[in-house]
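In: sequence below, structure please.
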Amino acid sequence: MKLLGNREVLRWFRGDLIFRDPLVETAWGVRHLKAFYPDHKIQKTWSGAFGEFAFKEYCNFNKINVQAARQMSGKNPDFETYDTVFEIKTKMHSSKHSRMPSILKTIEKYKNLPKKYKKPIVFVFMGGLEYEELPIIPYDNMYCIHFSEILFGTIK
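Out: Numbers count the residues shown, from 1 in each chain. Model prediction:
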């Protein structure tokens, strides 16, 4: 494990390492991404890739066969296992803005995918998103979970 083998990164996921300054948190995140995934080209933000790499590491460590999700109906969730589709959502701790409006749009956009994939879709919230209230999803076979619940077995 790369990211999840690092104590500082685990503290960030647990919420014990919280940055108040977005520039400092961005520098920290980019530094860790470059250290552990030097071939990854960082786009506008680092947190999305950070969360996706961490989720894949978790699955690989626990011998869960995970792969990039198949594109279906023009939609492209992040990962897929034999029985579940995953969409990873990450937010910096220092961000003051709610990501919930955009997440609710994604949930609406994906509402028909559980039937198409014939498996549930789980939205995995990481970092600062763990401090936002989980949305109530009015659609069948769609769920939200905090990554720390998976990683540490704790409920925030």
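
In: what sits against Tyr123?
Out: For the record, residue 123 is Phe, not Tyr. Phe123 makes contact with Phe86, Glu87, Lys89, Ile103, Thr106, Ile107, Met142, Tyr143, Cys144, Ile145, according to C-beta atoms under 8 Å, 6 or more residues apart in numbering. Where you see a C-beta, it was placed from the backbone N, CA and C, and this is true even at glycine.

In: now the element after the host helix or strand of it, going C-ward?
Out: Assigned by DSSP states H and E, Phe123 belongs to strand 121-127. Where DSSP H and E defines the elements, the next helix or strand beyond strand 121-127 is strand 142-146.

In: I'd like the average pLDDT over that following strand.
Out: On average, the pLDDT along strand 142-146 is 94.

In: so what strands line up beside it?
Out: As defined by DSSP bridges, the strand partners of strand 142-146 come to strand 121-127 (parallel).

In: local confidence estimate at the residue nearest the centre of the chain?
Out: A centroid search over the chain (C-alpha atoms, centre = their mean) returns Ile88, at 3.0 Å, as the residue closest to the centre. Ile88 is assigned a predicted lDDT (pLDDT) of 97.

In: contacting residues around the strand or helix carrying it?
Out: Under the criterion of DSSP H and E, Ile88 resides in strand 85-91. By C-beta under 8 Å, 6+ apart, the residues outside strand 85-91 that reach it are 47-48, 50-52, 55, 66, 69, 77-80, 99, 103, 106, 110, 113-114, 117, 119-129, 132.

In: which among those residues end up buried?
Out: Among those, those classed as buried by 16 or more other C-beta atoms under 10 Å are 47-48, 50-52, 55, 66, 69, 77-80, 99, 103, 106, 110, 113-114, 117, 119, 121-129.

In: please enumerate the helices of the chain.
Out: Assigned by DSSP state H, the helices in the chain fall at 7-14, 22-36, 47-61, 100-110, 113-117, 147-152.
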